[in-house]
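Novice: Provided below are the primary sequence and the corresponding predicted coordinates.
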Amino acid sequence: MPRQDPSKEVPAPPTAPNRVTGSRDRLLERFNQAVRDPEESGGLSTVARLLDLLAAGEPNPEGAVWLPDTNARLAASGILRGAFPDADVPLIASQYGEDAHRRGWLRLDRTLTPAEHSALVDTALTWSAVDRALPDVLAAFGPPSVTFGSPDPSLPKTLSYATADPEAPVVAFHLGTATPREPAPGAAGPTPANAVLLAVRIHDGFLDGCELTPVGLERFH
């Protein structure tokens, strides 16, 4: 049988893009944007819906239950939900973020080394026994893995610190609205204030999983 002239061979059609992979990448991108600032992305219900969509694409989608939707009353996460009304949205968003991290869906802005994480877990609770503000957290522990909430330094947010290990606990610093300050003598306007630390959670244990600062105790509902 005569061989076909290579110059006359019909080229293979270009490979079509993987639509499933592309759709999932877009879904992950939407989730990571929404969970960081839910109030700019349709609210916490949008975050939960995106998590459900991501879970539906997994091999075993049944039984996915997200941390903020559980009723574990003796878990630190459950105790803190609703305790600080002004900070509740970023606090709950951070718990959805922890669920996503355990499944490899959360994109970290900074990944702690095991040594950094161990030092943070060892010191965070005692360090938070006195009142702190946003600059104090950043100065002591560096930039977070993810910031949940408004980028405005005076508004509520949660700073979460995580490693690449999805089983390692995520350390979360929950901050509330800045305490108003008296204008400095001779100042033309009010002195800028930073969000204040309300609580830190290093794991979900009831007795030793979290610590409230003095101002956190005052604001606790």
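Specialist: That came through, no problem. Residues are numbered from 1 along each chain as shown.

Novice: Now do residue 171, the pLDDT please.
Specialist: Per-residue confidence (pLDDT) for residue 171: 97.

Novice: Work out which residue lies at the spatial centre of this structure.
Specialist: Central residue of the chain (CA atoms, centre = their mean): residue 94, 3.6 Å from the mean position.

Novice: in which helix or strand would I find it?
Specialist: helix 88-102 (DSSP states H and E).

Novice: Just the C-alpha atoms of that helix, please, in PDB.
Specialist: C-alpha atoms of helix 88-102 as PDB (Å, rounded to 0.1, in the frame of the first residue of the first chain):
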ATOM      1  CA  ASP A  88     -20.100  38.700  62.400                       C
ATOM      2  CA  VAL A  89     -19.900  38.800  58.600                       C
ATOM      3  CA  PRO A  90     -16.100  38.600  58.300                       C
ATOM      4  CA  LEU A  91     -16.100  36.100  61.300                       C
ATOM      5  CA  ILE A  92     -18.500  33.700  59.500                       C
ATOM      6  CA  ALA A  93     -16.700  34.200  56.200                       C
ATOM      7  CA  SER A  94     -13.500  33.100  57.800                       C
ATOM      8  CA  GLN A  95     -15.100  29.900  59.000                       C
ATOM      9  CA  TYR A  96     -16.300  29.200  55.400                       C
ATOM     10  CA  GLY A  97     -12.800  29.900  54.400                       C
ATOM     11  CA  GLU A  98     -11.500  27.300  56.800                       C
ATOM     12  CA  ASP A  99     -13.900  24.800  55.300                       C
ATOM     13  CA  ALA A 100     -12.500  25.700  51.900                       C
ATOM     14  CA  HIS A 101      -8.900  25.400  53.100                       C
ATOM     15  CA  ARG A 102      -9.500  21.900  54.300                       C
END
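
Novice: hmm, back to that, look up how far residue 57 lies from the residue nearest to the centre of the chain.
Specialist: The spacing between residue 94 and residue 57, counted by CB to CB, to the nearest Å, is 23 Å. From N, CA and C alone the C-beta is placed, and that goes for glycine too.

Novice: What of residue 46?
Specialist: 17 Å.

Novice: Pick out whichever of these two has more residues nearby.
Specialist: residue 46 (15 against 11; other CB atoms under 10 Å).

Novice: phi, psi of the more buried one?
Specialist: Backbone torsions of residue 46, given as degrees, to the nearest 10, read phi -70, psi -40.

Novice: and if you look at residue 217?
Specialist: phi -60, psi -40.

Novice: what's near enough to touch residue 34?
Specialist: 41-42, 46-47, 50 (CB atoms under 8 Å, 6 or more residues apart in numbering).

Novice: Just the ones of those in helices?
Specialist: Using DSSP state H, 46-47, 50 are the members of the contacts of residue 34 that sit in helices.
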